[in-house]
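*Asks:* build the 3D model from these lines:
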Amino acid sequence: MKGKPVIAIVPLGHYIYFRQFEGLYEELCKKADAFRAYFDDSADVFVTEYVDDVDKAFSVVRDVKRRDVDGVFLLLTTYLPSSLCAPFANYIDAPQILVGLQPLDHLDYGRCTTYMQLVNDDICAMPEIAGVYTRLGKPVPPCLVAAASQEDEIRREVQAWQRAIAARAAFKYAIFGYLGHTYEGMYDMHTDPTAFSAAFKSHVKMLEMCELKKWADQAADAEIARKIAVIKETFSIQTPSVDPLTDYVTDEDLRLSARMACALDTMIEKNNLTALAYFYKGEDGNEYERMAAALIVGNTLLTSSGIPLAGEADLKTAAAMLIMNRLGGGGSFAELHPFDIAGNCVLVGHDGPHNIAISEGRPVLRKLKKYHGKSGSGIGVEFSLKAGPVTLLSINYQHNGRFKLVAAAGTSVKGEIPQTGNTNTRVTFDMPVTRFISRWCEAAPTHHLALGTGNHIEEIRRFARIMDVDLEVIE
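*Replies:* Below is the predicted model:
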């Protein structure tokens, strides 16, 4: 996993006032430290020099660029001319948020002085600054406005933006591996790597099965033994279920899955991968087919550690899983399965990869004699997500050349799932399940999605805005 995102808080004011009102500068400077306290430690947050003239604005811009920040909060501490923000608009290629936090709920009108008004003039310049961003041809920054007494609201807003910035930062300098090819006939899977790089600013690296074989062949016995121990500690190994496709997990099955998990670990490390999309069909039980069929356990362990792997070579869903992970939802590879009228829910799951960090209870391993729709046989992972709020996030590529996010919030409810060696989570929505399915499909998502715990719709709205991708929310 990459390091923490870097966020700058830039306090701004107007130097002329400080010549006129003794103590005003010192009082306004305190606002930056008070605002800093609303961030959590998932980001490296620093406060810059106080900016009250254009020279200081340019100096801070150079410092912010040197630190390669991922987000900038422009803290308006009183009125200031928009020229102080123009350098940030012109030179900083990172999301910027205008912040106006008024110390008082309202002025004491009967005793209000000019000094008191200046201390509470946090939003005065906000319209001017927003208008100048437009004149400069830059996106108008989101505006965070509140009274200082609204601490819970401020904290929610700040941390929602912090998570959205973290999701965007995950794509910066990222390398997405692409191993094999898409599942034959799935037109929605096809993704132009250059278009992906244009939208998400990441590199797509083409990988070969022969490299994976090299790392599998080089896996040492001690390394494989350690991986088997991790698998046995993490999963509950089950006997066959009612499904005739299930079978007993043998020592040979575990050893092959562990060897391939070791190979995946090495491939991720050697190629400095942030995420991986993979699929390989194979023919007649050949070695590459056997290797590909044994990847589910390894890709599940990696996904659970924060490095998403997407099956069927779905590059877009690897991106959706990365977003969901950095928003705090974990993110598991999934699609819509059969619905349940009596329970007003739909099963959401897949045959891998998964994120066991968000599993309801200990995940299960089952041997499958065959993978439906795919070549080979091997171990499958089975579990449901934790009960409570969940978010579905899918990404598709539109005819106009833009990527589109499709998102929805639902609820994971406890209940029976098929014992077929696949994940399946019972998800309900604030509408009849058949209506939700119709509306989800009409939004034209990719058929895969990232399924995560928690309601992250507001963070996804913010991510779409600062990443400049389209979004449709089903609600």
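*Asks:* may I ask which helix or strand of this structure has the lowest mean pLDDT?
*Replies:* Least confident helix or strand of the chain, by mean pLDDT, DSSP states H and E, is strand 246-247 with a mean of 82.
*Asks:* helix or strand next in line after it, which one?
*Replies:* helix 251-270 (DSSP states H and E).
*Asks:* who's in contact with the most centrally placed residue in the chain?
*Replies:* Taking CA atoms, centre = their mean, the centroid of the chain lies closest to residue 323, which sits 1.6 Å from it. Taking CB atoms under 8 Å, 6 or more residues apart in numbering as the contact definition, residue 323 lies against 167, 170, 331, 393, 450, 460, 463. C-beta here means a position set from N, CA and C on the backbone, and glycine is covered the same way.
*Asks:* against residue 164, how distant is it?
*Replies:* Here the criterion is CB to CB, to the nearest Å. By it, residue 323 lies 9 Å from residue 164.
*Asks:* could you tell me which residues touch both of the two?
*Replies:* 460, 463.
*Asks:* any weak-confidence spans in the stretch 251-400 of the chain?
*Replies:* 372-374 (pLDDT under 70).
*Asks:* ugh, wrong one, the stretch 1-150 of the chain
*Replies:* Applying pLDDT under 70 to the stretch 1-150 of the chain flags the ranges 1-2.
*Asks:* before we move on, the earlier item: for the least confident helix or strand of the chain, name the packing helices and strands.
*Replies:* strand 364-368 (3 or more CB pairs under 8 Å, 6 or more residues apart in numbering; DSSP states H and E).
*Asks:* does anything pack onto the following helix or strand past the strand it packs on? Which helices or strands?
*Replies:* Sequence order places strand 378-382 as the next helix or strand after strand 364-368, per DSSP H and E. Judged by 3+ CB pairs under 8 Å, 6+ apart, strand 378-382 is in contact with helix 251-270, helix 296-304, strand 364-368.
*Asks:* return the most buried member of the ones you listed.
*Replies:* Of the helices and strands packed on strand 378-382, the one with the most neighbours on average (mean count of other CB atoms under 10 Å) is helix 296-304, at a mean of 26.
*Asks:* centre of the chain to it, how far?
*Replies:* Mean C-alpha position of helix 296-304 versus that of the full chain (CA atoms, centre = their mean, to the nearest Å) differs by 17 Å.
*Asks:* put the alpha carbons of it into CSV.
*Replies:* Taking C-alpha atoms only, helix 296-304 is exported to CSV below (Å, rounded to 0.1, in the frame of the first residue of the first chain):
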residue,chain,number,x,y,z
ILE,A,296,-8.3,-17.2,-5.6
VAL,A,297,-6.8,-17.7,-2.1
GLY,A,298,-3.8,-15.6,-2.9
ASN,A,299,-5.7,-12.8,-4.6
THR,A,300,-8.2,-12.8,-1.6
LEU,A,301,-5.3,-12.3,0.9
LEU,A,302,-3.8,-9.5,-1.2
THR,A,303,-7.2,-7.7,-1.7
SER,A,304,-7.7,-8.0,2.1
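*Asks:* so what touches it?
*Replies:* 230-231, 234-235, 257-258, 260-265, 268, 276, 278, 308-309, 311, 321, 330-333, 351-357, 363, 365, 378-381.
*Asks:* in PyMOL, how would I select just the buried ones from those?
*Replies:* The PyMOL selection below is limited to those of the contacts of helix 296-304 classed as buried (16 or more other CB atoms under 10 Å):
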select buried, resi 231+234+235+257+258+260+261+262+263+264+265+268+276+278+308+309+311+321+330+331+332+333+351+352+353+354+355+356+363+365+378+379+380+381
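*Asks:* quick one, phi psi at residue 64?
*Replies:* Backbone geometry at residue 64, expressed as degrees, to the nearest 10, gives phi -60, psi -40.
*Asks:* thought it was touching residue 48?
*Replies:* Yes: applying CB atoms under 8 Å as the test, residue 64 and residue 48 come out as touching, 6.8 Å apart.
*Asks:* mind listing the shared neighbours of the two?
*Replies:* With CB under 8 Å, 6+ apart, residue 64 and residue 48 have common neighbours 8, 10.
*Asks:* make JSON lines from the contacts of residue 323 and add secondary structure and distance to residue 245 to it.
*Replies:* Listed next are these as JSON lines, based on DSSP: H, G, I helix; E, B strand; the rest coil; distance: CB to CB, whole Å:
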{"residue": "167", "secondary structure": "helix", "distance to residue 245": "37"}
{"residue": "170", "secondary structure": "coil", "distance to residue 245": "37"}
{"residue": "331", "secondary structure": "coil", "distance to residue 245": "27"}
{"residue": "393", "secondary structure": "strand", "distance to residue 245": "30"}
{"residue": "450", "secondary structure": "strand", "distance to residue 245": "26"}
{"residue": "460", "secondary structure": "helix", "distance to residue 245": "36"}
{"residue": "463", "secondary structure": "helix", "distance to residue 245": "39"}
